[in-house]
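Enquirer: Task: produce atomic coordinates for the following.
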Amino acid sequence: MRKLLSSSLFVGGAAAAALALSSPAAFAAGWTVTNGNASGAFTVGLKSGTTVTFKDVNTNQTFTCSASTINGSAPAGTSRPNPVASITSGSFTGCTGPLSSTGSATISSGGLNAVTYNSSTDTVSGNISGISAALTIKSILGTCNATVTGSVGNNNQDTYANGTGTLTLTPDPATQTLKIATTSGVCAGLLNANDLVTFQATYVVSSPTPPLTVRPT
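Expert: Sure, this is the predicted structure:
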């Protein structure tokens with residue numbers, strides 16, 4: 001359960017966070033980003049009616065959060081290299097898990113990389129790398145704190161739909177590298193360093209309006 005919570009840490013994200021993703025190998029000319037916010041800022045929140053789901057790969061325990069907001073920067077421009085956007089802050093709240101545990105998490109960094117583009121659906125696929133997050137879990141045992149690092153979408157299965165501003169994060173345990181880096185407090189062996197965690201969520205851009213777009217240059 002603690003492990004699950006630690007995954008909530010984010011992520012993503014993680015996880016994350018908010019835009020299209022990409023790899024330097026695809027589209028050598030780079031990416032064109034449009035963003036109605038002159039500062040390059042963007043914000044995404046959970047799609048209505050959905051939750052964030054974290055899963056501990058080792059124990060198969062799950063943990064869900066009812067609310068999450070992620071902020072970042074995606075400056076407008078052409079021929080932009082990866083990462084096309086970066087996560088600057090984010091939170092996961094309303095989290096519950098096994099044994100009536102509760103928790104929350106924050107994310108402080110992450111790079112959104114764009115790899116491929118599907119012109120028929122106006123969708124970019126890619127991954128989020130360099131994630132750094134922190135988690136707090138409370139249960140009858142006490143309070144456990146953890147840090148989480150790594151990446152999600154390593155098989156480039158995360159997608160961003162330009163038309164709707166929808167970022168979909170899909171877990172793939174086979175290529176998962178998001179893991180618990182450190183633990184402290186009363187974790188009682190329920191959450192351990194080096195445990196792998198997956199992250200699943202659907203985010204929608206709330207700012208700018210209309211949503212920012214990412215397409216090959």
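
Enquirer: buried ones in the strand or helix carrying F92?
Expert: If you go by DSSP states H and E, F92 is part of strand 85-96. Within strand 85-96, the residues that qualify as buried are A85, S86, I87, T88, G90, F92, T93, C95, T96, counting by 16 or more other CB atoms under 10 Å. (Each C-beta comes from the backbone N, C-alpha and C, glycine too.)

Enquirer: Show me what S207 bridges to in the sheet.
Expert: For S207, the beta-bridge partners are T43 (DSSP bridges).

Enquirer: List the contacts of it.
Expert: The contact partners of S207, by CB atoms under 8 Å, 6 or more residues apart in numbering, come to N37, A41, F42, T43.

Enquirer: ok, those residues vs S129, which is closest?
Expert: For the contacts of S207, the minimum distance to S129 (CB to CB) is 17.7 Å, reached by F42.

Enquirer: just so I have it, where are all the strands in this structure?
Expert: 31-34, 41-46, 52-56, 62-73, 77-80, 85-96, 102-118, 123-139, 142-152, 158-161, 166-169, 179-185, 197-207, 213-216 (DSSP state E).

Enquirer: Show me what the first one packs onto, helices and strands only.
Expert: For strand 31-34, the elements it packs on are strand 77-80, strand 213-216, judged by 3 or more CB pairs under 8 Å, 6 or more residues apart in numbering; DSSP states H and E.

Enquirer: any idea how far T50 lies from D195?
Expert: 25 Å (CB to CB, to the nearest Å).

Enquirer: Compare neighbour counts for the two and give me the winner.
Expert: Using other CB atoms under 10 Å, the more surrounded residue of T50 and D195 is D195, with 23 against 15.

Enquirer: ok, the more buried one touching V57?
Expert: Yes. Contact criterion CB atoms under 8 Å: D195 and V57 qualify, at 7.3 Å.

Enquirer: pull the helix or strand with minimum mean pLDDT from this protein.
Expert: helix 2-8 (a mean of 39; mean pLDDT, DSSP states H and E).

Enquirer: Residue ranges in this protein under the pLDDT threshold?
Expert: Residue ranges of the chain with pLDDT under 70: 1-28, 189.

Enquirer: what lines up beside the strand holding F92 in the sheet?
Expert: Strand 85-96 is paired, per DSSP bridges, with strand 62-73 (antiparallel), strand 102-118 (antiparallel).
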